[in-house]
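got a structure for you, letters missing:
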């Protein structure tokens, strides 16, 4: 988000692998399987539905991560 503020017209590479690795480092072992097994669907609606289920399950424990995953910019970058 800082890069977008400083360089608003430049593109930001959205690397799902690096995002996933970064998120997994912040999770307890028990939660990793839920987040690691989240698969993107070819249908955007299905991906958003799966993300909603994941978010509702873990938002109490991992609020910051869930808010990042449900952010509009994130959804545009990774689910479209």
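Structure's in. What do you need? These numbers were taken from a predicted model, which means no experiment stands behind them.

Can you name every helix or strand that the worst-scoring helix or strand of the chain on mean pLDDT contacts?
Every helix and strand in the chain was compared by mean pLDDT, DSSP states H and E; the lowest is helix 72-79, with a mean of 71. Helices and strands touching helix 72-79, by 3 or more CB pairs under 8 Å, 6 or more residues apart in numbering; DSSP states H and E, are helix 44-58. C-beta coordinates here come from the backbone N, C-alpha and C atoms, glycine included.

Check which residues of the helix it packs on are buried.
Neighbour-count burial for helix 44-58, counted by 16 or more other CB atoms under 10 Å, picks out 47, 51, 54, 55, 58.

picking up where we left off before, I'd like to check the angle between the least confident helix or strand of the chain and helix 44-58, please.
120 degrees (axes from the mean of the first three to the mean of the last three CA atoms, to 10 degrees).

Now do the residue nearest the centre of the chain against residue 9, distance only.
The residue lying closest to the centre of the chain (CA atoms, centre = their mean) is residue 69, at 3.3 Å. Going from residue 69 to residue 9 by CB to CB, to the nearest Å gives 26 Å.

what about residue 9, which SS state?
With DSSP: H, G, I helix; E, B strand; the rest coil as the basis, residue 9 sits in coil.

Can you check the pLDDT for it?
As predicted, residue 9 sits at a pLDDT of 71.

tell me the contacts of residue 65?
Contacts here follow CB atoms under 8 Å, 6 or more residues apart in numbering; on that basis residue 65 touches 23, 26, 27, 58.
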